[in-house]
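Student: Compute the structure for the input listed below.
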Amino acid sequence: MSEPHDPENRTQRLPTVEPEGDGGVLAMEQSASGSSYEPAAAPDRSGGRAGRFWAQRRVPAVLVAVVVLGGAGILLYDIVAVRAGRPAMQWRRTVADDLASRHLDDVWVLAGSAVAAALGLWLLLLALTPGLRALLPMRRDHAGVRAGLDRKAAAMALRDRAAEVAGVQSVRVKMKRRKATVRALSHFRELDDIRADLDTVLGRAVRDLGLARQPGLSVRVRRPAKKG
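Tutor: Residues are numbered from 1 along each chain as shown. Presented below is the predicted three-dimensional model:
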């Protein structure tokens with residue numbers, strides 16, 4: 001009887017060798033077993049939409065404020081000094097003469113324009129994106145209450161749950177905003193059985209995290225590399 005083919009179950013099997021005599025059966029076990037799937041849609045909650053947290057951008061805001069205020073203050077002081085009958089500052093005369101003598105296709109003019117455009121795009125990107133990618137929003141079960149879970153803490157929670165599965169020697173978990181990647185080493189038991197247990201345990205653990213958007217799960221179990 002042929003076994004059903006599962007495209008998500010990537011399992012590699014090696015042949016079984018049976019030696020003669022009473023030595024028993026020497027089996028060369030499979031090297032890896034993996035699965036990957038997307039979570040089911042989360043049920044609607046009455047607490048409202050749980051969007052991503054927005055960063056306050058204190059450092060960029062302070063830098064822009066210091067540069068703008070400093071430049072505006074120096075320029076205003078120089079204009080007031082000129083209106084009072086004093087000569088303009090040397091740097092402003094030099095900059096004005098230099099800009100008047102350069103063409104638009106000059107290398108320095110193009111370089112300065114590119115830098116200014118890049119800084120402007122960077123500021124727009126900071127203003128239009130929420131940031132705080134390491135903070136995962138949690139479900140809003142109650143209106144007016146928002147909570148988040150750090151990605152490293154979520155990865156540690158999944159790693160601890162995976163380490164409890166029998167046959168798992170070590171686990172590495174990489175948590176992203178939309179997917180959790182689990183890589184485990186096993187020193188006994190069939191890899192398919194361990195991977196099936198990990199799918200069950202980690203699927204329940206992901207739901208227990210209480211995230212607003214349940215991440216997908218990619219699980220792979222393999223044998224440790226043989227020394228020598």
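Student: who's in contact with the spatially most central residue of the chain?
Tutor: Central residue of the chain (CA atoms, centre = their mean): Lys176, 4.5 Å from the mean position. By CB atoms under 8 Å, 6 or more residues apart in numbering, Lys176 lies in contact with 151, 215. For the C-beta atoms, the positions are set from N, CA and C on the backbone; glycine is no exception.
Student: mind redoing it with 10 Å?
Tutor: Counting by CB atoms under 10 Å, 6 or more residues apart in numbering, Lys176 touches 133, 136, 151, 155, 215-216.
Student: can I see the domain layout of the chain?
Tutor: 10-39+136-222, 58-128 (automatic domain parsing).
Student: Out of those domains, which gets nearest to Gly51?
Tutor: Among those, the nearest to Gly51 by CB to CB is domain 10-39+136-222 (6.5 Å).
Student: How far off centre is that closest one?
Tutor: Taking CA atoms, centre = their mean, to the nearest Å, one finds domain 10-39+136-222 lying 19 Å from the centre of the chain it belongs to.
Student: Quick check, Arg195 in contact with Ser33.
Tutor: Yes. The criterion here is CB atoms under 10 Å, and Arg195 meets it with Ser33 at 4.4 Å.
Student: ok, back up a step: lowest average pLDDT across the domains of the chain?
Tutor: When the domains of the chain are compared by mean pLDDT, domain 10-39+136-222 comes last with a mean of 79.
Student: Packing partners of whichever helix in the chain runs longest?
Tutor: Counting by DSSP state H, the longest helix found in the chain is helix 58-83. Under the contact definition 3 or more CB pairs under 10 Å, 6 or more residues apart in numbering; DSSP states H and E, helix 58-83 sits against helix 90-101, helix 107-128.
Student: go again using 8 Å as the cut-off
Tutor: On a contact count with 3 or more CB pairs under 8 Å, 6 or more residues apart in numbering; DSSP states H and E, helix 58-83 meets helix 107-128.
Student: Just want the angle from the helix it packs on to helix 90-101.
Tutor: 110 degrees (axes from the mean of the first three to the mean of the last three CA atoms, to 10 degrees).
Student: if we can go back for a sec, out of the contacts of Lys176, name the ones that lie in helices.
Tutor: Using DSSP H, those in helices are 151, 155.
Student: still on that earlier bit, can I get the domains of the chain in a markdown table including distance to Gly51?
Tutor: A markdown table is the format used below for those (distance: least, CB to CB, whole Å):
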| stretch | distance to Gly51 |
| --- | --- |
| domain 10-39+136-222 | 6 |
| domain 58-128 | 14 |
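Student: can you tell which of those is closest to Arg52?
Tutor: The minimum distance between Arg52 and the domains of the chain falls on domain 10-39+136-222, with 5.7 Å, by CB to CB.
Student: List the buried residues of stretch 72-87.
Tutor: For stretch 72-87, the neighbour count (16 or more other CB atoms under 10 Å) marks Asp78 as buried.
Student: same question, stretch 136-148
Tutor: 136-140, 147-148.
Student: want to throw those into CSV with secondary structure and distance to Asp105?
Tutor: Below are the buried residues of stretch 136-148 laid out as CSV (DSSP: H, G, I helix; E, B strand; the rest coil; distance: CB to CB, whole Å):
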residue, secondary structure, distance to Asp105
Leu136, strand, 49
Pro137, strand, 49
Met138, strand, 54
Arg139, coil, 57
Arg140, coil, 55
Ala147, coil, 55
Gly148, strand, 50
